[in-house]
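Engineer: next one to model:
(chains A, B, C, D and E, ligands or ions: 4)
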Amino acid sequence: MTTMAWTRRRMAAGRFWNQFRKQRAGVAGLTLLVVAAVLAVLAPVFLDEDVTSVVEGTGQKFAAPGVDGLLGTDESGRSILELIWWGAGTSLLIGFLAAVLAMVIGTLVGIVAGHFRGWFGALLMRLTDWFLVLPSLVTALVLAAILGGSMVTIIVAIGVTAWPSTARLIRAQTLAVEARPYIERSKALGAGHWHIMSRHVLPNVAPLLLASTTLEVASAIVTESTLAFLGVSSDKTSWGTMLRGSYDWNAASNGAWWYILIPGLCIVAVVMAFTLVGRALEVVLNPRLR
Amino acid sequence: MSLLELDDVSVTYRIASGEVPAVRGVSLKLEAGSALGVAGESGSGKSTLAMALMRLLPADARVGGRILLGGEDVLAMKWGRLRAVRWAEASIVFQGAQHGLNPVRRIGDQIAEPMLVHGLAKPDVARKRVAELLDQVGLPAWRARSYPHELSGGQRQRIMIAMALACEPRLIIADEPTTALDVMVQAQVLTLIKDLVAQRGISLIMISHDLSVLADVCGRLAVMYAGRIVENGPSHEVFRDARHPYSKALAAAFPTVGDPLSRMAPKGLGGDPPDPMHLPSGCAFHPRCPIKADGCDTLDVELWPVGERRTAACVHVRTELEGS
Amino acid sequence: MTETQAPVPAAQTAAPTLLEARDLHVEFAARGRRARAVDGVNLAVGAGEIIALVGESGCGKTTLARTLLGLERPTSGTVLYGGAPLAYGSRALKTYRRDVQLVLQDPMGSLNPRHTVYEAVAEGPRIHGLPDEEQVVAEALSRAGLRPPERFFLRYPHELSGGQRQRVVIAGALALNPKVLIADEPVASLDASVRGEILALMLRLRADLGLSALVVTHDLGLAWNIADRVAVMYLGRIVESGPVEEVLTAPRHPYTQALMSVLPESPERVVLTGEPPDPTRIPGGCRFHARCQVLASGRAEEAGVAQRCRTEPLPVLPSVQTAQAACHYG
Amino acid sequence: QEPAAGKKVVRVGATQAMDSMNPFLGVRLISTSIFRWSFGFLAVPDSKTLQPSPDLAESWTSSPDGLTWTFKIRQTKWSDGKPVTAEDAAWTFNKIMTDEAAKTANGPAVENFESVTASGQDLTIKLKAPQASILENPIPIMPKHVWEGVTDLAAFDAEKYPAVANGPFIPVEHKKDQFVKLKANPDYWRGKPKIDELQVIFYDNPAAAIVGLKKGDIDLIGRLAPADFQALGGDPNIEQWNKQGRRAAYLQINHGATTTDGKPVGDGHPALKDPKVRTALHHAIDKAKLVADVQNGLAKVADGSIVPPMYTDFFWEAAGQDKISYDPAAANKILDDAGYKKGADGIRTTPDGKRKLEFRFSIHTDTPVEEKLAEHLTGFLKEIGITLTTKRLDSSKFTEETGVTALFDIAISGWSVNPDPEEVFATHLCSRRPTASGEGGGTESFFCDDEFEKLYQDQLKELDRPKRAELIKQMQKELYTDAPVIALYYPNDLEGYRKDRITSVTSIPEGDGIIYGGTGYWPFYTLDAKASAPAGEAGGSNTGLIIGIIAGVVVLGGVGVLVARRRKGAADERE
Amino acid sequence: MTAPLDTTEPVADQAAGSGSARGGTLRYAAVKLGGALLSIAMVIMGTFFLFRMLPGDPVRALAQGRNMTPDQLDLERRRLGLDKPLLEQFADFVAGTLRLDLGTSYEYKRPVLDLILERLPATILLAGTALVVAVGLGVWQGTKAGWRPGGRFDRFSTGTSLIFWSVPTFWLGLLLLMVFGSGIGPIPGIFPTRGIESVDAPDGFAYVLDVAMHMVLPVLTMVGVVYAQYLLVMRSSLLDELGQDYITTARAKGLRDDEVRRRHAVPNALLPTVTLVFMRIGFVVGGAVTVEAIFTWPGLGQLFYRAIKVPDFTLMQGTFMLLCVSVILMNTLADVVYHVLDPRVRSA
Ligand SMILES: Nc1ncnc2c1ncn2[C@@H]1O[C@H](COP(=O)(O)OP(=O)(O)OP(=O)(O)O)[C@@H](O)[C@H]1O
Ligand SMILES: Nc1ncnc2c1ncn2[C@@H]1O[C@H](COP(=O)(O)OP(=O)(O)OP(=O)(O)O)[C@@H](O)[C@H]1O
Ligand SMILES: [Mg+2]
Ligand SMILES: [Mg+2]
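Structural biologist: Ligands and ions are numbered 1, 2, ... in the order given. Just a heads-up that it's a prediction; the model follows:
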């Protein structure tokens, strides 16, 4: 029986994959993401922290691609390629963790606010609305400035400002799900709050959540780099801090276009990939958009 | 010449997973001033057929055969001509009136729109005509300024009918105009449609899955199953004495209150509706047929005449035919 | 509005009363107004009895059904089960809901699209912690006519036809071995051809399991098909009730007559004027008087009750087995 | 876009905007520079020697005890025609001495004033204690008749144009965050400047400023970061100005911070109390690499202390045995000998084995140079078995932790030194340590050394310049050997200007000095430039043409799109 | 006719109907405004406590590393009311805020409100223009894309907008500045790189042109980043509308395709887009901070950016509060506008 269930689940996953496969842009995005993630995870195998060390940096400063390393060097003679590779982990991790944080808070608040329709839900929704209207970049900036720059702070600052839209979405979805007759049926069968929230609402919002988290990661990565540009960054090398470095050391006027373009393009590519995957997921999971 | 003539019309939807033959070779005739009812199970192709009549199907639908409206082939018309025919000669009342109206425009504007588009009236004349039309469907003239959501389902359905009448077409197609309406409201709308047909000589095609409703309004009845017409004839005869087992089942589904035969004895049709992508071989109805004969699963059935002006697509009919 | 309740004659039930509504009122706040969705209802469901509750849209049928299940709390009046008033504590409700089950109109909507048939049917037993889950589920499915049950276990709702889905919903209710089934328009969204099958199933369940049922519908034909008794509801109140044969062959209340007249076989159609009634604005006097065809045609005037129709409220009908109607004219 | 033809206009870029046009409030370099251009001071550093020379004070005398100074104020005019008198100066100083709000910018400069009085053109300042640096007083003298009506100085933005001033330039327009325009003062007592107009244009984005200079939007820009400076290379029209600067960058080491009453404060690492550890640190730092990498070679390695070599009089450099050079081996040896053993992870521990040598390095948030420095130092110290972790603090927090609460181990520090270095030495006095109640006195090191104190007091009184310079050098040696601070390098003054526009400029000191941000108005007073081309040739019409072309293209494109859409209209049908 | 239908529709109902619709909007607006006020109150409260969480001593922040005597510090502390208990400080803060007294900037030594008001017009000019252009572009492209989903134009415009959407604002700004500000290769650097106007700005129409030239790059940057969302929303909401039955009705009525689009689909699809425009003001504000910092645009964003750099906490606090409040008000406006535009919500 359980094996059967597993087979069924695998089949469902297969069906999902078959549909997803038809979203060409989504597949392209996913491929890129998988490559980026694998590279980021493998980075410590091939590189070590020394690639970010300025003392070890042996190359020439602002060496053009081809001269010193494949993609040129930065203001301290470090290889851009190695930095990019090493920093991918940080960028992806910040994006991912911030998105997960936003998603967890958002889901919790959204489901609870949608389920308990009384004053409690109303209060939660007010709070969400309030957070929602705060200009998120500005708020994240203030938060990060107040909390001081470290990876955790950046994640918290982004996560804490990004959850309300998820909460909104989830609440709307919860309300829609809870209006479905099967909730009534479940109640008539004797189900309590927990049962309804965990067995009906959560699984039904989960796909949407997946899609929205994917999109959230994309925006978190952009936010991280913007925060770095505006002066609050984590102490780890990330693509955002690299761009910041290119700005600080005036790579543009020194003609070091590779130092500006490469991290920027990496961000654009990964963000774009996340966005494409997110949109593809939305389309697959929400047939209305097809 | 009949007003509308369908000759071997078929519609196939092309979707990602294959082709859906929604309508498979339907031939029909409709005389001017008469009313035809089309009945059939959900998914049997009724709406598809209706939409095909006005070439309103989505781009992924392929239409075959000929649809002659007043002698002209709708499928071969140029765009300009088609637009001129739409609404001015044949109008349609869609399934589900709630969504057939633009939710953010006033009712009056929407009723007047076809008249203006077809250049049949100047705006002020159109406004007067709107009031007239509203009156005809039993709504006060001030309703013209309402928005759709301010009306009940029954009222909206009447607005749709008023709209269909706007250009005084020769043919009105009404796709399930009463489903989803309450019993009492349903009665109101049906009465309205019946009167319109009777008094103005407008031809009507009415679609429903409720045989009793159709029998009430229409002179003739066509019953569809899996994209085909399986029975066609004068409505009361079909309703009272259906010859195809599916029509029979449909008729029996609506018991006669007071008839002791149906008391505590609901009649139904077992089995599942057919999947249009994997139709059973032979007679598409055979897996559910209570009177299935040998060979039903291979024999290609067609409409055989049953008495005068009646046809039915069942081997038993043919057997009788041959027997007599 | 003061309404006097008619003296309740001892209910001469053939079967013992299982579920009963006593002078039930349910109100909602709707756009700043109070909607009296259920406005004084007495109704008793005996063991093994099938009652049809008919009426037009918005008259409060669903609200009554939901209140009977404890999904809605009455503003006043009581729901009695086995003679005892219903308690609204979450534990008490849970116990109650093992005995009284609900089947909804839209079988697609009543099934969670992400749950398999097995999970859908097993939900009740799981909530109540019943043992032998798989066996219970299999039994319920086969009772509901889905045989062999194993073939359906792992199907998802969208892979089933409408009739099969409704059977799954019914099986889900049956899995708890209920005594009463409340079915809210169980066939309204089904194809005409499968409708009879489901109704036949209900009759069979009554025969096999002795199940009582309250079937909510706007379809008089359905009542004729399966019900023992019928109650006609108008604007939150039962205006006529009694054995099906009596009420549907000789309707006494003008509203019932109007309902009957729209059936295709009726010789003449009575179309009521006005839009569906509004529970936020219940007219005084007889609540039907504004649309009453008897009053409109002047027959009430002839009978000299027209004035009473307009001003004098009618008593709430008691929950008795015999035919009765709330009308000044009849 | 171009200034009116025939006028000599010089546009200076600044990567800061004015904080306030009120000289009592404005403290930013850009603000004080503008004040220097528009107001007179008691004295200015001489453009050649940097020694005080007459400005608004024609001459001065001091009493033998050095406590009473009398200045003769020059007979000249404010730009509104009113005469300048000693009253103006007295009012200015007294205002600052009595009004808390007026203290905002230059409070400390009058702290030592007992009283200031005026009679006619004579100004008498009585001091509480002798002060050699009184001639370096940084306070611009304001027109009393204009300013005495201001009731709330803290809220006064002084945005009235043209301003009443008496310097070489008079502010005539200020667009917030955009630019300040100054006109040459025709009645300036030294004579009208050579140029007609000076404009200061603000940039938030240094990259944009570089682009601006290259494009000719601005003519001069000072205080460049090394990278920005190098970006100017290769442009034939741009002069790269790379001279010794007035700044020293050094590390501040928590060698056992105490309050004024001698109680320890803070949580500094105990190992740093050991002078050997500090010396080892000093040995471990490759200053040449720092100069090369952090300053792109545009700095001088510091083998001395806090006075940069620009001030030749006071500059001191270690030599011979005293000199601590980059030698990680020596550093390791010192530490090994002192018992700081390396653990298994390569990190040393204190001799008692209780604590690892793990230091924090406090820097400011959002300062790329410090960030880079931190990266390097971390690398250097790793070589000698010391872990350094970077701690970023916003400026207020930084000041608090490194100047009051002493919650640091090593911190970045730096100081721009005035021609008279007194103030920078004062920051290492015992009295500058925080009080017991935790109020800060502005120490830069928590240093408190008897010898140093004595030297300081001596130089205060020493009015003979060579002798005083000797004392000051001794103080530097003191700081060098005891190493409460370790000087890293002296960043160069990096500037750039357009040769094709600016025809001559005199730096301060003349020759190899500073142009922008130096003390005194000399560079800008002596600036000469080409007159802008007559109208019609460049600029305005050019822009107009470009706009015209763009507008034309847009309109044409729009029409094209419309036409295309019309055409397609017919085909825009579908099933 | 046998059945008189609805002939006795109550006239009073009609009056009540339209009357209540109008009153409804007013009441709705009042409710929304009430909600907004509550949100603003929360912003004020949140701001106070957020900035009280700051590390360090605000007075020392004010000193900014300059040397201050204990007396001076004390005085400042008293002047800022920091010697009072927290609750009292809060009361003062609220009272001050209500009097529009946002305190005095540490850095500029001037009332924060003055600073803000000075810079507001520039931000409104920049963000407003960018918003108008972005909405125009987004709606236009979204309409075209949604009309033929999957078509060449759709793929092209959606793809392009997504690329821009993925680009960090500051990066785009810097690139534009490098390419069109300083000029690269054959591309001349014709656009100014800083500010809102030239120093020697001409008068009259030429002045307008001058400002327009200065606006090109910042506006382009902001538009590039935000227009994608308008495009996507317009596209999907048009797709939604196209699936509706009333579109089929319109086609059945014999309307030309462009008429169907112009008269039915687009106006209806615009509704959610309009709301989004207002809802996403916060996003635009965030973009303004970056863009203004890059192009030295003398607006609120720049002010805020500088306040963070310093850090000037009163200024940060005041600007933050103002940005939040304006976004809240815009959102409220969005709700009300939607309410007015869409008859469905109006009477719900
Ligand atoms: N756009 C479409 N694409 C693909 N298949 C379609 C499409 N529209 C309808 N179909 C399929 O065509 C068949 C006929 O559909 P149609 O809507 O004509 O049925 P119907 O008889 O009107 O049913 P109902 O009574 O439910 O309205 C169904 O199987 C349906 O799934
Ligand atoms: N939760 C609720 N809040 C406010 N009003 C309600 C609520 N539920 C029902 N009503 C109102 O109560 C009245 C009765 O509703 P109910 O759903 O019981 O009618 P019904 O007879 O089941 O109608 P239908 O045949 O359409 O299902 C209606 O006017 C409805 O608008
Ligand atoms: Mg249909
Ligand atoms: Mg109901």
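
Engineer: ok, residue B:64 to residue B:70 distance?
Structural biologist: From residue B:64 over to residue B:70 the distance is 21 Å, taken as C-beta to C-beta, to the nearest Å. Glycine gets a C-beta too; all of them are placed from N, C-alpha and C.

Engineer: go on, residue E:32?
Structural biologist: Here the criterion is C-beta to C-beta. By it, residue E:32 lies 56 Å from residue B:70.

Engineer: closest to the centroid, which residue in chain D?
Structural biologist: Closest to where the C-alpha atoms of chain D average out (C-alpha atoms, centre = their mean) is residue D:416, at 5.1 Å.

Engineer: now do chain E
Structural biologist: Mean-position check on chain E, C-alpha atoms, centre = their mean. Result residue E:281 at 2.3 Å.

Engineer: excluding its backbone neighbours, what's nearest residue D:33?
Structural biologist: In this structure, residue D:33 finds its nearest non-sequential neighbour in residue D:517, 6.5 Å apart by C-beta to C-beta, 6 or more residues apart in numbering or on different chains.

Engineer: could you list every residue that touches the residue of the stretch 151-300 of chain E found nearest chain C?
Structural biologist: Scanning the stretch 151-300 of chain E for the residue nearest chain C gives residue E:245, at 19.1 Å (criterion: C-beta to the nearest C-beta). Under the criterion of C-beta atoms under 8 Å, 6 or more residues apart in numbering or on different chains, the neighbours of residue E:245 are B:94, B:96, B:99-100.

Engineer: what is the nearest of these to residue C:72?
Structural biologist: Nearest to residue C:72 among the contacts of residue E:245 is residue B:96, at 28.9 Å by C-beta to C-beta.

Engineer: what does the model give that closest one for pLDDT?
Structural biologist: At residue B:96, the model reports a pLDDT of 73.

Engineer: how near is it to ligand 3?
Structural biologist: 9 Å (C-beta to the ion, to the nearest Å).

Engineer: do residue C:42 as well
Structural biologist: When residue C:42 is compared with ligand 3 (using C-beta to the ion), they lie 42 Å apart.

Engineer: need the phi and psi values for that residue.
Structural biologist: In terms of degrees, to the nearest 10, the main-chain angles of residue C:42 are phi -110, psi 130.

Engineer: before we move on, what SS does the closest residue in space to it that isn't next to it in sequence have?
Structural biologist: Leaving aside its sequence neighbours, residue C:42 sits nearest to residue C:319 (C-beta to C-beta, 6+ apart; 4.0 Å). Secondary structure, DSSP: H, G, I helix; E, B strand; the rest coil: residue C:319 is coil.

Engineer: residues near residue C:319, how many?
Structural biologist: Under the neighbour criterion other C-beta atoms under 10 Å in any protein chain shown, residue C:319 is assigned a count of 22.

Engineer: the residue nearest to the centre of chain D contacts residue D:247, doesn't it?
Structural biologist: Yes. In terms of C-beta atoms under 8 Å, residue D:416 counts as a neighbour of residue D:247; the distance is 4.8 Å.

Engineer: where's the nearest residue to residue D:372 once chain neighbours are set aside relative to ligand 1, distance?
Structural biologist: Taking C-beta to C-beta, 6+ apart, and ignoring the residues beside it in sequence, residue D:372 has residue D:294 as its nearest neighbour in space, at 4.9 Å. Per C-beta to the nearest ligand atom, to the nearest Å, residue D:294 is found 68 Å from ligand 1.

Engineer: this completes my enquiry, with thanks.
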